[in-house]
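A.B. asks: turn this into a structure:
(chains A and B)
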Amino acid sequence: NAGVMQNPRHLVRRRGQEARLRCSPMKGHSHVYWYRQLPEEGLKFMVYLQKENIIDESGMPKERFSAEFPKEGPSILRIQQVVRGDSAAYFCASSPFEGEEKLFFGSGTQLSVL
Amino acid sequence: DAKTTQPPSMDCAEGRAANLPCNHSTISGNEYVYWYRQIHSQGPQYIIHGLKNNETNEMASLIITEDRKSSTLILPHATLRDTAVYYCIVRVAGTGGGNKLTFGTGTQLKVEL
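C.D. replies: Here you go, the predicted structure:
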């Protein structure tokens, strides 16, 4: 059973471009969480999604950031018009249902904005 | 979710037990204590969790004080691969908010020869 898969592992973008980060949860998991880790800082919650629904986006910046988890395919975290301050590691986690104690994390996408 | 306090760093000799403390003096009766760790540049990894009773699994033991205001994660025989940041997180499980975790700054454990 493959773990949480994130791609790309590293992503380089120039200021103003768009970044798309993908997350395929573990098989059978329908709950996805995105976290961001800025350099030398802790992990910060961004958004919690279930299939086709955003449940909690309290940690998402109000502009330029969006997330989706369609009925088919991976969850996507999209950052429009990236700025240098968006450079960070973005981690995705999944769980099979609400109430499950564990979150399973992917290896992350390191976004670098030039 | 209750706030936790952990020492910023600890050292441990390889082969010895690593005891990582966590204070959560404002914990509520229905809040669990979770431990995760993050090895450099990797995603966090679940270690163990508990409510009241002490817990043990293949990775570690969790000792929760009787008043539940603090806990200790024990790695019985630390190895170099246990060098990581260890996060103690307190939260209520399954209450409609999903399994959102609030990470603090954790404890940087360095295991040395």
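A.B. asks: residue closest to the middle of chain B?
C.D. replies: In chain B, the centroid-proximal residue (Cα atoms, centre = their mean) is B:W35; its distance is 3.2 Å.
A.B. asks: wait, that residue sits on B:V85?
C.D. replies: No: counting by Cβ atoms under 8 Å, B:W35 stays clear of B:V85, with 11.3 Å between them. Using the backbone N, CA and C atoms, a C-beta is placed for each residue, glycine as well.
A.B. asks: still on that earlier bit, separation between the residue nearest to the centre of chain B and B:Y86?
C.D. replies: Distance, B:W35 to B:Y86, by Cβ to Cβ, to the nearest Å: 7 Å.
A.B. asks: any residues in contact with both of these two?
C.D. replies: Taking Cβ atoms under 8 Å, 6 or more residues apart in numbering or on different chains as the criterion, B:W35 and B:Y86 both touch B:20, B:47, B:73.
A.B. asks: okay, and the beta partners of residue 12?
C.D. replies: No chain specified, so I'll use chain A. Going by DSSP bridges, A:V12 is paired in beta bridges with A:S112.
A.B. asks: if you could check chain B rather than the one you did, that'd help
C.D. replies: Residues in a beta bridge with B:C12, per DSSP bridges, are B:V111.
A.B. asks: please name the residues that touch it.
C.D. replies: Per Cβ under 8 Å, 6+ apart, neighbours of B:C12: B:18, B:75, B:78, B:82, B:109-112.
A.B. asks: buried subset of the residues you listed?
C.D. replies: B:18, B:75, B:78, B:82, B:109, B:111 (16 or more other Cβ atoms under 10 Å in any protein chain shown).
A.B. asks: sec struct for the third one, please.
C.D. replies: In the three-state summary, B:A78 is assigned as coil, counting by DSSP: H, G, I helix; E, B strand; the rest coil.
A.B. asks: check A:G16 too.
C.D. replies: Put simply, A:G16 is coil when judged by three-state DSSP.
A.B. asks: ok, it touching A:R84?
C.D. replies: No: with contact defined as Cβ under 8 Å, A:G16 and A:R84 do not form a contacting pair (11.0 Å).
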